[in-house]
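Novice: just to be clear, the model below is a prediction. Sequence and coordinates:
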Amino acid sequence: MSNLLNSLKIELRRGTLTLAVLSQLRTPQYGYSLVQSLEGAGISIDQSTLYPLLRRLEKQELVSSSWDTSESRPRKYYVLSEFGLEIFLELKEEWINNSKELYSLLGEGDEDENEFN
């Protein structure tokens, strides 16, 4: 059962991480600053998850990247593209609507309704 539960949790989390990352890229972020920003909001993400996600988002043209070589250590910055901002805003609205519906559904008939109030 724990393998099934873990698999379902990973599946549930996958989409939320995409939305969380997009939400933080309204301003340019490099990998470590993005991890810190997400962790500050209580969302942990491994670099082994983050960088493939960023590459996928860049391939989908939702984010663009550029190198900053002005510091002693070059950093690759990521930021939402115009298209990415449009998609993010649509996904955010969809997430809010889905969350409200699920919240209502999960609270109905639950023996421990206080958990959702």
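Specialist: Looks like it arrived, so ask away. Numbering: from 1, shown residues only.

Novice: helices or strands next to the strand or helix carrying residue 105 in the packing?
Specialist: Taking DSSP states H and E as the definition, one finds residue 105 inside helix 82-107. Contacts defined by 3 or more CB pairs under 8 Å, 6 or more residues apart in numbering; DSSP states H and E place helix 82-107 against helix 2-24. All C-beta atoms are positioned from the backbone trio N, CA, C, and that covers glycine.

Novice: try it again at 10 Å.
Specialist: Packing partners of helix 82-107 (3 or more CB pairs under 10 Å, 6 or more residues apart in numbering; DSSP states H and E): helix 2-24, helix 47-59, strand 63-68, strand 75-80.

Novice: what's the closest non-adjacent residue to the residue nearest the centre of the chain?
Specialist: Closest to where the C-alpha atoms of the chain average out (CA atoms, centre = their mean) is residue 20, at 2.3 Å. Sequence neighbours aside, residue 43 is the residue nearest to residue 20 in space, at 5.2 Å (criterion: CB to CB, 6 or more residues apart in numbering).

Novice: next, count neighbours for that neighbour.
Specialist: Residues lying near residue 43 (other CB atoms under 10 Å) number 16.

Novice: that one: what secondary structure?
Specialist: Secondary structure assignment for residue 43 (DSSP: H, G, I helix; E, B strand; the rest coil): coil.

Novice: how about the backbone phi and psi for it?
Specialist: In terms of degrees, to the nearest 10, the main-chain angles of residue 43 are phi -110, psi 110.

Novice: can I get the helices and strands packed on helix 82-107 in a markdown table with mean pLDDT and distance to residue 89?
Specialist: Below are the helices and strands packed on helix 82-107 laid out as a markdown table (pLDDT from 0 to 100; distance: least, CB to CB, whole Å):
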| stretch | mean pLDDT | distance to residue 89 |
| --- | --- | --- |
| helix 2-24 | 91 | 9 |
| helix 47-59 | 95 | 15 |
| strand 63-68 | 96 | 14 |
| strand 75-80 | 97 | 10 |
